[in-house]
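[1] Dropping a prediction and its sequence here:
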Amino acid sequence: MPRYFLNLRDRNGLHRDLDGDVFGSMDEVRNDAVIGIKQIVADALGSGATLSEALDRSFEVVDEAGMTVLTISFAEGVASRSTP
């Protein structure tokens, strides 16, 4: 199964996921990103960030070859459904 890296982009730049995770499909990658987004936003809001600050980020998902295969903004992720 392929490995994907969920790099985080925020106002400070790109924070690379050096380990990545193995996923069976792009649907699994997207679902994992949405779950992660919701957790990060909840943590940020709980720490006193404004909604704008919490949502001003995105995941840039790259494959093992370094090609970007998905970009998902935190605003889009919060509005998306995820499965456990």
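    Alright, I've got the coordinates.
[2] So which bits of the lengthiest strand in the chain are buried?
    Secondary structure of the chain per DSSP state E: the longest strand is strand 3-10. Under the neighbour-count criterion of 16 or more other CB atoms under 10 Å, strand 3-10 has Tyr4, Phe5, Leu6, Asn7, Leu8, Arg9 buried. For the C-beta atoms, the positions are set from N, CA and C on the backbone; glycine is no exception.
[3] Show the low-confidence segments of the chain, by residue range.
    Nowhere does the chain drop to pLDDT under 70.
[4] where exactly do the helices run in it?
    For the chain, the helices defined by DSSP state H occupy 26-46, 51-55, 74-79.
[5] Among those helices, which comes closest to Gly20?
    helix 26-46 (10.4 Å; CB to CB).
[6] I would like the residues contacting the closest one, please.
    For helix 26-46, the external contacting residues (CB atoms under 8 Å, 6 or more residues apart in numbering) are 4, 6, 21, 23, 51, 53-55, 57, 59, 61, 69-70, 72, 74, 77-78, 80-83.
[7] Go again with 7 Å.
    Contacting residues not belonging to helix 26-46 are listed as 4, 6, 23, 51, 53-55, 59, 61, 70, 72, 74, 77-78, 80, 82-83 [CB atoms under 7 Å, 6 or more residues apart in numbering].
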